[in-house]
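Asker: Give me the fold of what follows.
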Amino acid sequence: MSDVREAVTRAHREEWARVVAALTRRFGDLDIAEEAAAEAFATAVERWPADGVPPSPGAWLTTTATRKAIDRIRRETKRDDKHREARMVWDEPASPAGVIDDDRLRLIFTCCHPALAVESRVALTLRMVGGLTVPEIARAFLATEDAMGRRITRAKAKIKAARIPYRVPSAEDLPARVSGVLAVLFLVFNEGYLATGPGADPVRGDLTAEAIRLTRLVRALLPGDGEVAGLLALMLLIEARRPARVSASGELVALDEQDRGAWDSALIAEGHRLVRERLAAGVAPGRYQILAAINAVHTSARHMRDTDWSQILALYDQLVRLDPSPVIALNRAIAVAELDGPEVALAAVDELAAKLSGYHAFHATRADLLRRLGRGEESRAAYDRAIELAGNTAETAYLTRRRDQLR
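Answerer: Residues are numbered from 1 along each chain as shown. Below is the predicted model of the structure:
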């Protein structure tokens, strides 16, 4: 039974986007596509233990999901014309692949339609293609689950109301959609690098590897786009540190405690090369390029004490002008603490309380700064709040240890 469940899970990861894409093409309705796909996977869990896993799980799931969709149309409409429409779409040929050969990347570009607001298209694509749950997406946006669920529902409703066609984008469409695609890929990567769900593995290498693979494909499609190169460099430099990120006991290892000899030198070299190429281009960098440059500084230091914090702070100052988000301001404060001391940094962090009170990293940063200032009771309270909000088991273990070390 466990082998069957594992097979269903594996098929879900590999085939979910393909099944949803096929049904959306045929029926023009994202709700029907998603619900029919979910029903097909539920049926697989029920039937495969008795019948055995089919030779082609993906084809079985697609066929079953299509039948589920047709059954739903029949139940809801009960009109002959809808029956004929369902029969017609059953035999409808697949749309051409266009300039994008990869199935999943094609679907991401298709869903990132410019008629939708950027946050809505990113959230919708993460749900439909990335396979992330609504709670995972909500945590990525620092939003409540209810608010994120409503955002996704509104995006689907707008597609219906505006009759936005489900159409594979042409080469001319790609530049208008690439910003949403990059946002999707970055959030998928982040969820893999440090998963937010309490029941998930702390690190999901399948997600980080897939995000990097797809970003490489986007770069091949748009080789002159600096932000695409920047995002790829950023992912590579972060991924390079993953072997040292979680201890053998399952605890998160902070940057200053990591074994830098365990970092992947090949990924670091490739990431640095991409950063240098963008600097040599002489074009004002975008958000991902600056983030990549910050990570290049971190991965250039052989020891934590060798980190060029003044350069990192200068890069954050540049980034804040492009992206004045509270999360960027929080990360900037960490660099401030290294240069100007924890008291100056704490004042900057406290100014973000109204916007980041529900974000565990805000409280974890405050806890560390308060610890460094010798304010133990306040630090303990901040650690308690960070532990309460953190979903990742490795991060919870790290925060708990740091709190328990307080005198």
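Asker: mind saving the C-alpha coords of stretch 254-271 as CSV?
Answerer: Extracted as CSV, the C-alpha positions of stretch 254-271 are listed here (Å, rounded to 0.1, in the frame of the first residue of the first chain):
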residue,chain,number,x,y,z
ALA,A,254,22.7,29.8,10.3
LEU,A,255,25.0,31.4,7.9
ASP,A,256,27.7,32.3,10.5
GLU,A,257,27.7,28.6,11.7
GLN,A,258,27.8,26.9,8.3
ASP,A,259,30.7,24.7,7.1
ARG,A,260,31.7,26.7,4.0
GLY,A,261,33.8,23.9,2.8
ALA,A,262,30.6,22.0,2.2
TRP,A,263,29.3,24.6,-0.2
ASP,A,264,29.0,23.6,-3.9
SER,A,265,32.0,25.4,-5.5
ALA,A,266,30.8,24.7,-9.1
LEU,A,267,27.4,26.4,-8.5
ILE,A,268,29.2,29.3,-6.8
ALA,A,269,31.6,29.7,-9.7
GLU,A,270,28.7,29.7,-12.2
GLY,A,271,26.7,32.2,-10.1
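Asker: Contacts for that stretch next, please.
Answerer: For stretch 254-271, contacts defined as Cβ atoms under 8 Å, 6 or more residues apart in numbering pick out 233-234, 236-237, 239-245, 292, 295-296, 298-299, 302-304, 398. Any C-beta I mention is one placed from the backbone N, CA and C, and that applies to glycine too.
Asker: Of those, which belong to strands?
Answerer: Among the contacts of stretch 254-271, DSSP state E puts none in strands.
Asker: Is it possible to mark the buried ones in those?
Answerer: 233-234, 236-237, 239-242, 244-245, 292, 295-296, 298-299, 398 (16 or more other Cβ atoms under 10 Å).
Asker: Out of those residues, flag the one nearest to residue 364.
Answerer: residue 398 (8.9 Å; Cβ to Cβ).
Asker: what's near enough to touch the closest one?
Answerer: Counted by Cβ under 8 Å, 6+ apart, residue 398 has contacts 251, 252, 253, 254.
Asker: quick check, nearest of those to residue 278?
Answerer: residue 254 (28.3 Å).
Asker: ok, residue 51 - how many residues close by?
Answerer: Residues within reach of residue 51, counting by other Cβ atoms under 10 Å, total 11.
Asker: Ignore what I typed, I meant residue 341.
Answerer: Residue 341: 13 neighbours (other Cβ under 10 Å).
Asker: Kindly report the same for residue 145.
Answerer: Neighbours around residue 145, by other Cβ under 10 Å: 14.
Asker: My read is that it contacts residue 134, right?
Answerer: Yes: counting by Cβ atoms under 8 Å, residue 145 touches residue 134, with 5.7 Å between them.
Asker: before we move on, back to that, which of the contacts of residue 398 are buried?
Answerer: Buried among the contacts of residue 398 (16+ other Cβ under 10 Å): 251, 252, 253.
Asker: picking up where we left off before, now, the most widely separated pair of the buried ones among the contacts of stretch 254-271?
Answerer: The widest separation within the buried ones among the contacts of stretch 254-271 (Cβ to Cβ) is 26.9 Å, between 233 and 398.
Asker: which one is residue 120 nearest to, not counting chain neighbours?
Answerer: residue 155 (4.1 Å; Cβ to Cβ, 6 or more residues apart in numbering).
Asker: rewinding a little: TSV please, covering the contacts of residue 398 and showing pLDDT and distance to residue 340.
Answerer: Formatted as TSV, the contacts of residue 398 follow (pLDDT from 0 to 100; distance: Cβ to Cβ, whole Å):
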residue	pLDDT	distance to residue 340
251	90	30
252	90	26
253	92	26
254	91	20
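Asker: ok, the residues you listed vs residue 173, which is closest?
Answerer: The closest of the contacts of residue 398, once distances to residue 173 are taken by Cβ to Cβ, is residue 252, at 40.4 Å.
Asker: Out of the helices and strands in the chain, which is least certain?
Answerer: Lowest by mean pLDDT, DSSP states H and E among the helices and strands of the chain is helix 80-90, with a mean of 40.
Asker: what element comes up after it heading to the C-terminus?
Answerer: helix 103-111 (DSSP states H and E).
Asker: and that next one, what other elements does it pack with?
Answerer: Packed against helix 103-111 by the contact rule (3 or more Cβ pairs under 8 Å, 6 or more residues apart in numbering; DSSP states H and E) you find helix 2-27, helix 118-128, helix 174-193, helix 205-221.
Asker: re the thing from before, want to throw the buried ones among the contacts of residue 398 into TSV with secondary structure and distance to residue 342?
Answerer: Shown next, in TSV, are these (DSSP: H, G, I helix; E, B strand; the rest coil; distance: Cβ to Cβ, whole Å):
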residue	secondary structure	distance to residue 342
251	coil	24
252	strand	21
253	coil	21
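Asker: residues in contact with residue 246?
Answerer: With contact taken as Cβ under 8 Å, 6+ apart, residue 246 is in contact with 202, 203, 252, 253, 394.
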